[in-house]
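Peer 1: build me a structure from this.
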Amino acid sequence: GLLPLCNAAGEALGEAKVTFAVPAWFKGEDGEDITSATARPSSLAAAAAAVALAGFDTWTGHSSWVLNNLMACFIASFFLENLGLKSFKTAMVLLIGLLGYDAFWVFGSQSALSAVLGSDSAFL
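Peer 2: Okay, here's the model as predicted:
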């Protein structure tokens with residue numbers, strides 16, 4: 001996604017981490033008070049870009065298929081980076097689940113069928 005790309009660019013440029021104060025109501029996992037946090041400017045830039053992309057997608061009424069596919073690629077790459085699969089069986093179960101999910105939305109939802117049947121497609 002955007003975060004690894006921005007972090008790699010930031011590391012290549014030798015950026016320093018920024019420390020900032022956080023509100024008093026932030027608590028750690030064990031209930032301890034958190035008074036400050038650190039972040040890289042590239043991480044903040046990635047977050048700003050993600051919010052801008054989501055806002056633009058909402059503003060256009062989700063009508064840009066290019067933007068929707070780009071955001072889907074970012075989400076998929078995020079999950080691939082953070083989901084450590086230990087076995088091939090687990091990957092196959094997830095892929096079969098994704099196939100079933102996709103088949104349901106393509107063939108099982110009325111909106112997808114009406115979009116296909118209402119168009120002059122070469123596949124019909």
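Peer 1: can you give the distance of stretch 72-83 from its chain's centre?
Peer 2: Mean-position distance between stretch 72-83 and its chain equals 6 Å (Cα atoms, centre = their mean, to the nearest Å).
Peer 1: what residues of that stretch count as buried?
Peer 2: For stretch 72-83, burial by neighbour count (16 or more other Cβ atoms under 10 Å) applies to Phe74. Every C-beta, even on glycine, is put in place using the N, C-alpha and C of the backbone.
Peer 1: contacts for that stretch, please.
Peer 2: Gly1, Leu2, Leu3, Pro4, Ala50 (Cβ atoms under 8 Å, 6 or more residues apart in numbering).
Peer 1: what mean pLDDT does stretch 40-56 have?
Peer 2: For stretch 40-56, mean pLDDT rounds to 86.
Peer 1: picking that back up, between all of the contacts of stretch 72-83, which two are separated the most?
Peer 2: Largest separation among the contacts of stretch 72-83 by Cβ to Cβ: Pro4 and Ala50, giving 12.7 Å.
Peer 1: buried set for the helix or strand containing Ala91?
Peer 2: Secondary structure assigned from DSSP states H and E places Ala91 in helix 88-107. Within helix 88-107, no residue is scored as buried using 16+ other Cβ under 10 Å.
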